[in-house]
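>>> just coords:
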Ligand code: 13P
Ligand code: SF4
């Protein structure tokens, strides 16, 4: 074990800390984490943590979710500038304005949103549970879905319902094209294509499976296929390859890198534990309201 890994292990013990990492994190960060998962799995795990400190390796909205679910615990993020471009595409004020134009509508946010936006919502969803959660609304209920037009579009297609979609999107997944899938299929004709529902409709339609990152891990584990084409951020390839040594995983586009997900390094993770920084604090008034939307989701999924 390298000295930085040893230091992290020792600090985890001395601080009574648990390290959670998203599937897109750097391989070496995933390897020191106590738990690696998608947004839903990490939110669930954050409710079951028996530790004083949670170090969240991922982006800020995920650490905020962990802090909202654990008001009595200390949640740290190694680099507090790790944001999500999609989450920043709508503000609380913009959502309040939209809600004022649609009295009677329910506001639903993708978990990739700020705590301030969650606080304005009736329900939260992740890519791993969106269909199941959205099914619980009456078919004639007016829904405002923010901020991801693509996840919202995917669920509305699957359920045959119409939502008012906020025009947000993930700039990383926007770089994936149906042409890239067609070219990759020529090279690997036997590989099923998995894409994230944050991809545009033409890309989702060109794929075989539309799955959260946790869903991709489950699909790869359970499928008899020997190789897979993966249409999402390349960080997931580490976990897919580690968990499935007899199978091959090819990125549809190896340039799909989320710069914010790469901001957590072993060095700033160790510093975070050593110096107890940076603490993620959500103002109580916002946290209490945001927790209602997250709890409503966790109750269903
Ligand atoms: P998952 O919940 O599927 O891991 O997605 C999170 C995310 O940010 C995708 O871009
Ligand atoms: Fe946000 Fe996209 Fe990065 Fe996911 S991949 S954290 S949606 S910018």
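Yep, that arrived. Here the structure is a predicted model, which is why all the values come from computation and not from measurement. Numbers count the residues shown, from 1 in each chain. Ligands and ions are numbered 1, 2, ... in the order given.

>>> Return the residues of this protein in contact with ligand 1.
Within the chain, the positions near ligand 1 by C-beta under 6 Å from any ligand atom are 23, 38, 39, 112, 126, 127, 128, 170, 196, 198, 212, 213. Every C-beta, even on glycine, is put in place using the N, C-alpha and C of the backbone.

>>> for this protein, what's the longest helix?
Among the elements of type helix in the chain, defined by DSSP state H, the one spanning the most residues is helix 284-300.

>>> Now tell me what touches it from outside.
Outside of helix 284-300, the residues within contact range by C-beta atoms under 8 Å, 6 or more residues apart in numbering are 43-44, 47, 64-65, 67-69, 71, 109, 111, 115-116, 118-126, 129, 132-133, 136, 282.

>>> how long is stretch 116-126 from one end to the other?
Across stretch 116-126, the straight-line distance between its terminal residues is 17 Å, by C-alpha to C-alpha, to the nearest Å.

>>> Show residues contacting that stretch.
The contact list for stretch 116-126 (C-beta under 8 Å, 6+ apart) reads 38-40, 43, 68, 87, 90-92, 95-96, 99, 106-111, 113, 133-134, 137, 146-147, 151, 155, 212, 286-287, 289-290, 293-294, 296-297, 301.

>>> between the residues of the chain next to ligand 1, which has the most around it?
residue 196 (29 neighbours; other C-beta atoms under 10 Å).

>>> Now do the contacts for it.
For residue 196, the set of contacting residues under the criterion of C-beta under 8 Å, 6+ apart consists of 127, 173, 210, 211, 212, 213, 216, 231, 232, 233.

>>> Grab the nearest non-local neighbour of the fourth one.
Translated: residue 211. Excluding its sequence neighbours, the residue lying closest to residue 211 (C-beta to C-beta, 6 or more residues apart in numbering) is residue 194, at 5.4 Å.

>>> what does the first one give?
Spatial nearest neighbour of residue 127, excluding adjacent residues (C-beta to C-beta, 6+ apart): residue 212 at 3.8 Å.

>>> gap between the one you found and residue 192?
16 Å (C-beta to C-beta, to the nearest Å).

>>> quick one, strands of the protein?
Residue ranges of the strands in the chain, as given by DSSP state E, are 17-22, 35-37, 53-57, 74-76, 106-110, 123-125, 143-146, 164-165, 193-195, 209-210, 227-231, 248-251.

>>> how about TSV for those, with distance to residue 259 added?
What follows is these, written out as TSV (distance: least, C-beta to C-beta, whole Å):
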stretch	distance to residue 259
strand 17-22	14
strand 35-37	20
strand 53-57	15
strand 74-76	21
strand 106-110	20
strand 123-125	25
strand 143-146	23
strand 164-165	26
strand 193-195	20
strand 209-210	24
strand 227-231	19
strand 248-251	17
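
>>> quick one on the thing from earlier: for the residue nearest to residue 211, the count of nearby residues, please.
Counted by other C-beta under 10 Å, the residues lying close to residue 194 total 26.
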